[in-house]
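>>> test case, fold it:
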Amino acid sequence: MLKRLHLGLGLTVVAAALSGACTVNVGITGMGGGGGGQSSGTGNNGASGLPCDVAAVINAKCASCHSNPPTAGAPTALLSAADLQAPAKTNPSVTMAQQSVTRMKAAVAPMPPQGGSTDAEIAAFQTWIDAGYPTGDCGGTGMPDPAFSGPSVCTSNRLWATNNYDSHEQMQPGLACNSCHNKSGDAPIYSAAGTVYPTGHEPNLCYGISGSVMTDVIVRITDKNGVNHDLKPGPTGNFTYKGSLALPYTAMVISSKGQRIMSSPQTNGDCNLCHTDAAGGNGSTAAGRIVIPF
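This is a model prediction of the structure:
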């Protein structure tokens, strides 16, 4: 019998099980206080060689589209000091960083399109430019992410019970949804689904972040056409999406504390297949679970 996936105080991201290996690069930005916070734990596709405040803006507002390779129609990657110091594609007399400031200030079509940029974020870019583009060490192989530095623990102290079949969306937190659903003729196959946890190493069947408890947490899946799908965790923390999803996609977890961005494009939607209790699940570069910003 097919068992259900339950999550409580954590989100699980799962998308349709498609062929292809998992590759996960994540950038984290704390946004408390109205400004860009310090980035940490970025993967190979996160901002690198940049001061902390500039890297924070890149990871929070740019990397989801200006990744390597770029997605959602972005013309170029903007992940490193070299990328930002290169001549702008449409105006080679200025750098990409200078053009970025102009776009960030634009009243009609600000960048990024979702929400624009704060004065603090624009100031971080402008100060870096005025200082002559000094290099930094907060991106790429920067500071370790505290979310993944601790032992495996079930933070919620709740485990899914085998006799609990509330809905498919609430079954077996932490397990790869479609990997199981593909074995049953009556189980739904999701375009996106998964679990978000409060820490990076939590055992299978442990409840994750409940959407009824952490009401500001969403998982945003952005398809290759730039269409966003905002998904809320259910009572057990699982979130699911059954609609169409143009591949490849990128994803981020958003809350009032900031954003945790997976900037490298993905074609396999069964997110927990890669985001396991341990780092490097199924040969991926994932550091562990899908984790909320903090």
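>>> for residue 189, see how far away the closest residue to residue 54 other than its chain neighbours is.
Sequence neighbours aside, residue 128 is the residue nearest to residue 54 in space, at 5.0 Å (criterion: Cβ to Cβ, 6 or more residues apart in numbering). Where you see a C-beta, it was placed from the backbone N, CA and C, and this is true even at glycine. Distance, residue 128 to residue 189, by Cβ to Cβ, to the nearest Å: 46 Å.
>>> so which of those two has more stuff around it?
Just comparing residue 128 and residue 189: by other Cβ atoms under 10 Å the higher neighbour count belongs to residue 128, 21 against 16.
>>> tell me the secondary structure at that one.
The three-state label given to residue 128 by DSSP: H, G, I helix; E, B strand; the rest coil is helix.
>>> residues touching it, list them.
For residue 128, the contacting residues are 50-51, 53-54, 97, 134, by Cβ atoms under 8 Å, 6 or more residues apart in numbering.
>>> what do you get if the cut-off is 10 Å, keeping everything else the same?
Applying Cβ atoms under 10 Å, 6 or more residues apart in numbering to residue 128 gives the contacts 50-51, 53-54, 57, 81, 84, 97, 101, 134, 136.
>>> residue 121 and residue 60 touch, don't they?
Yes: Residue 121 sits in contact with residue 60 when judged by Cβ atoms under 10 Å, with a separation of 7.8 Å.
>>> between those two, which has more neighbouring residues?
Using other Cβ under 10 Å as the criterion, residue 121 and residue 60 rank with residue 60 on top: 29 against 23.
>>> gap between that one and residue 120?
Going from residue 60 to residue 120 by Cβ to Cβ gives 11 Å.
>>> equivalent analysis for residue 130, please.
For residue 130, the distance to residue 120 (Cβ to Cβ) stands at 15 Å.
>>> look at these two and report which has more neighbours.
A side-by-side neighbour count of residue 130 and residue 120, using other Cβ under 10 Å, places residue 120 first with 15 against 8.
>>> per-residue confidence at that one?
Looking at residue 120, its pLDDT stands at 85.
>>> show me where pLDDT drops low in the stretch 51-200 of the chain?
For the stretch 51-200 of the chain, applying pLDDT under 70 flags the ranges 114-115, 136-145, 163-166.
>>> which residue ranges of it form helices?
Here the stretch 51-200 of the chain has its helices, by DSSP state H, counting those that start in this stretch, at 52-57, 81-85, 96-105, 119-130, 177-181.
>>> need the winner for burial among the ones you listed.
Mean neighbour count, computed with mean count of other Cβ atoms under 10 Å, is highest for helix 52-57 among those, reaching a mean of 26.
>>> and residue 183, how many residues sit next to it?
Counted with other Cβ under 10 Å, the neighbours of residue 183 add up to 9.
>>> torsion angles phi and psi at it?
Here is the backbone geometry of residue 183 (degrees, to the nearest 10): phi -90, psi 0.
>>> now it: how far from residue 195?
Residue 183 sits 19 Å away from residue 195, going by Cβ to Cβ.
>>> now residue 203
Here residue 203 is placed at a distance of 12 Å from residue 195 (Cβ to Cβ).
>>> so between those two, which is more surrounded?
A count of neighbours by other Cβ under 10 Å puts residue 195 above the other of residue 203 and residue 195, at 36 against 14.
>>> ok, what's across the strand from the more buried one?
residue 11, residue 238 (DSSP bridges).
>>> isn't it up against residue 272?
Yes: between residue 195 and residue 272 there is a contact under Cβ under 10 Å: 6.2 Å.
>>> output stretch 118-131 in PDB with nothing but the alpha carbons.
Extracted C-alpha coordinates of stretch 118-131, given in PDB (Å, rounded to 0.1, in the frame of the first residue of the first chain):
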ATOM      1  CA  THR A 118      15.900  48.700  -1.700                       C
ATOM      2  CA  ASP A 119      17.900  51.900  -1.100                       C
ATOM      3  CA  ALA A 120      20.400  49.800   0.900                       C
ATOM      4  CA  GLU A 121      20.900  47.300  -1.900                       C
ATOM      5  CA  ILE A 122      21.500  50.000  -4.500                       C
ATOM      6  CA  ALA A 123      23.900  51.700  -2.100                       C
ATOM      7  CA  ALA A 124      25.800  48.500  -1.600                       C
ATOM      8  CA  PHE A 125      26.400  48.200  -5.400                       C
ATOM      9  CA  GLN A 126      27.200  51.900  -5.800                       C
ATOM     10  CA  THR A 127      29.700  52.000  -2.900                       C
ATOM     11  CA  TRP A 128      31.500  49.000  -4.300                       C
ATOM     12  CA  ILE A 129      31.700  50.600  -7.700                       C
ATOM     13  CA  ASP A 130      33.000  53.900  -6.300                       C
ATOM     14  CA  ALA A 131      35.600  52.000  -4.300                       C
END
